[in-house]
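Asker: Sharing a model that was predicted from the sequence below.
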Amino acid sequence: YLTEKKTRKQKEYEMHPTVRRELLALVKNRPDDEYLIKSREGVNKPLGRSMTYKIMRAITKDYKELGGIGNHTLRKSYGYHFYQETKDIATLQKIFNHSDPNITLRYIGITQDSINLATKHFRL
């Protein structure tokens, strides 16, 4: 279960078995309330948004081909690749808590031209 900070909505996610196995190995022998990735400031504090942003920006300095990335880049990339694999905009809309599928499509960078190209050769 995850609680979204912005909306405070709680969501349940089922993990891929491989991800679950790796995550369980990482948290083995750790207290339930210990953060997996901790801030260096304080005791058992999570990374803040500004620090995650700084980390993402530092990565772009080492890998110029990534361009300018920020905190939302991973979320948008997840959405883009989820949509490319499944074409299930309704589920992605629910994952992102968007009120309209068009908002989700715009958010992940899918334009009408992309949709037209994808459906051009579709036949039943």
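Answerer: Done, it's in.

Asker: For the rest of this, base every contact and every neighbour count on C-alpha atoms.
Answerer: Noted.

Asker: The residue minimising distance to the centre of the chain: which element?
Answerer: With distances taken as C-alpha atoms, centre = their mean, residue 75 lies nearest the centre of the chain, 2.9 Å away. Applying DSSP states H and E as the criterion places residue 75 in helix 73-86.

Asker: How about residues contacting that helix?
Answerer: Taking contacts as C-alpha atoms under 8 Å, 6 or more residues apart in numbering, the residues outside helix 73-86 that touch it are 88-89, 92, 107-110.

Asker: average pLDDT across that helix?
Answerer: For helix 73-86, mean pLDDT rounds to 92.

Asker: how much distance is there from it to the middle of the chain?
Answerer: Relative to its chain's centre, helix 73-86 lies at 8 Å (C-alpha atoms, centre = their mean, to the nearest Å).

Asker: how about the helices of the protein, start to end?
Answerer: 17-27, 49-62, 73-86, 89-96, 101-107, 112-119 (DSSP state H).

Asker: Among those, which comes closest to residue 4?
Answerer: helix 89-96 (10.1 Å; C-alpha to C-alpha).

Asker: what comes up buried for the closest one?
Answerer: Neighbour counts over helix 89-96 (16 or more other C-alpha atoms under 10 Å) mark 89, 92-93 as buried.

Asker: Give me the pLDDT for the closest residue to residue 90 other than its chain neighbours.
Answerer: Spatial nearest neighbour of residue 90, chain neighbours left out: residue 101 (6.7 Å); criterion: C-alpha to C-alpha, 6 or more residues apart in numbering. If you check residue 101, the pLDDT there is 94.

Asker: With the one 3 residues further on instead?
Answerer: At residue 104, the predicted lDDT confidence score is 95.

Asker: okay, now residue 38: neighbour count?
Answerer: 14 (other C-alpha atoms under 10 Å).
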